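Engineer: Sequence first, predicted model second:
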Amino acid sequence: MPKRDFLALTDLSAKEIVSVLDLAAKMKAGRYRGTPLKGKTLAMIFAKSSTRTRVSFEVGAHQLGGQAIFLSSRDIQLGRGEPAQDTARVLSRYVHGIMVRTYAHDEAAVLAEHSTVPVINGLTDLLHPCQVLADLMTVREAFGTWKGKVVAWVGDGNNMANTWLQAAGLLGFTLRIAVPEGYEPNRQIFEWAQARAPVSIYEDPEEAVPGAQVVSTDVWASMGQEGEAEIRALAFRGYVVDSDLMKLAAPNAIFLHCLPAHRGEEVAPEVIDGPQSRVWDQAENRLHVQKAVMATLIGGSAGRRVGGSSARGKGKNRRQRSKRTP
Ligand code: CP
Ligand code: NVA
């Protein structure tokens, strides 16, 4: 069975997303006792800061019986110019999975291409698939389904917006993106999604939000864009999610934000700290979805129905490990 990477939401089918979320829900409910990562190690390469991604992957690997190693790209040779190809080849001899958070999506792709173990995207400038899996889980918890729902994205057409587009394209819900001119999401991803689902771009948040069940936003300057913060603050001035904007959404609408948030910039305190906010559940769900992804891709369930027989899973893990062990 070839290894499977998770660099983009589109690396999973719609059916597989549902299976991963079902497994995550089972884990969250405490109805999962498996240790599919027993004896296994996840290498976590971080070229950017992180609270949620780092801690949830580390805790998740531990809860599944394995361990995670934190590798700041400043401390490993990758940060001094060792090629990603070589890093991938070497890490594949030691560990059973690699999580990477970096700038260029291509770097994550090169790691995946040259590693013999699964590579998981923990955020690139282009995509943040683990986060949107957690967001989908949060939407499903609130409404039971995303089918027929309207998601409004307000703000930057960044890695989160691109990943929401992939989610809409895969799962078919309505996505309305309100973004200032010049900050639109990736064109190719938008066109891909537009061919599959009702996705649209607006300049005015007041056009995108009416009737939406989910209102989501993110920082105006992502990691790596700190030098543009001032100019972006001007461009995004009219894109604050405040209580007036939330009043246009469906009465039972929820507010999502991947965090970290800047109260008083992209979101008003009364919204993120108010009754419609689901941001803490959303953050918690990172742990559950990533455990489900690790159990599936690294724990040996890839290619089979997620949550299948653990006895079969264990046998397969042993065969995979012994093949790879030098
Ligand atoms: N949402 C998210 O990825 O958070 P961190 O940057 O803290 O990992
Ligand atoms: N768009 C943000 C997300 C942080 C989790 C960034 O890339 O910095």
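Structural biologist: Done, it's in. Predicted model, so just to flag it, every value in this text is computed and none were measured. Ligands and ions are numbered 1, 2, ... in the order given.
Engineer: all helices for the stretch 51-200 of the chain, in order.
Structural biologist: 52-63, 84-94, 105-114, 129-143, 159-171, 187-194 (DSSP state H, counting those that start in this stretch).
Engineer: The third one to helix 84-94, inter-axis angle?
Structural biologist: Spelled out, that is helix 105-114. Going by axes from the mean of the first three to the mean of the last three Cα atoms, to 10 degrees, helix 105-114 is angled at 50 degrees with respect to helix 84-94.
Engineer: buried ones in helix 105-114?
Structural biologist: Residues of helix 105-114 classed as buried by neighbour count (16 or more other Cβ atoms under 10 Å): 105, 107, 108, 109, 110, 111, 112, 114. (Glycine included, C-beta is placed from N, CA and C.)
Engineer: Contact partners for the residue of the stretch 51-200 of the chain found nearest ligand 2?
Structural biologist: When scored by Cβ to the nearest ligand atom, the stretch 51-200 of the chain has residue 158 as its residue closest to ligand 2, at 4.6 Å. Applying Cβ atoms under 8 Å, 6 or more residues apart in numbering to residue 158 gives the contacts 185, 218, 222.
Engineer: and with 7 Å instead?
Structural biologist: 218, 222 (Cβ atoms under 7 Å, 6 or more residues apart in numbering).
Engineer: Mind naming the longest helix for this protein?
Structural biologist: Secondary structure of the chain read by DSSP state H shows that its longest helix is helix 279-297.
Engineer: got the angle between that helix and helix 52-63?
Structural biologist: 50 degrees.
Engineer: Report the angle between helix 279-297 and helix 129-143.
Structural biologist: Going by the same axes, to 10 degrees, helix 279-297 makes 120 degrees with helix 129-143.
Engineer: Helix 279-297 near ligand 2 anywhere?
Structural biologist: No - figure legend: helix 279-297 not in contact with ligand 2 (Cβ under 6 Å from any ligand atom); closest approach 10.1 Å.
Engineer: Give me the mean pLDDT for that helix.
Structural biologist: Mean pLDDT, helix 279-297: 98.
Engineer: Just the buried positions in that helix, please.
Structural biologist: 279, 281-297.
Engineer: same deal with stretch 148-161?
Structural biologist: Going by 16+ other Cβ under 10 Å, stretch 148-161 has these buried residues: 149-161.
Engineer: Tell me the secondary structure at residue 31.
Structural biologist: Following DSSP: H, G, I helix; E, B strand; the rest coil, we place residue 31 in the coil state.
Engineer: For burial, what's the neighbour tally of it?
Structural biologist: 8 (other Cβ atoms under 10 Å).
Engineer: and it, how far is that from ligand 1?
Structural biologist: In this view, residue 31 and ligand 1 are 26 Å apart by Cβ to the nearest ligand atom, to the nearest Å.
Engineer: gap between that residue and residue 284?
Structural biologist: Distance of residue 31 to residue 284, given as Cβ to Cβ, to the nearest Å: 16 Å.
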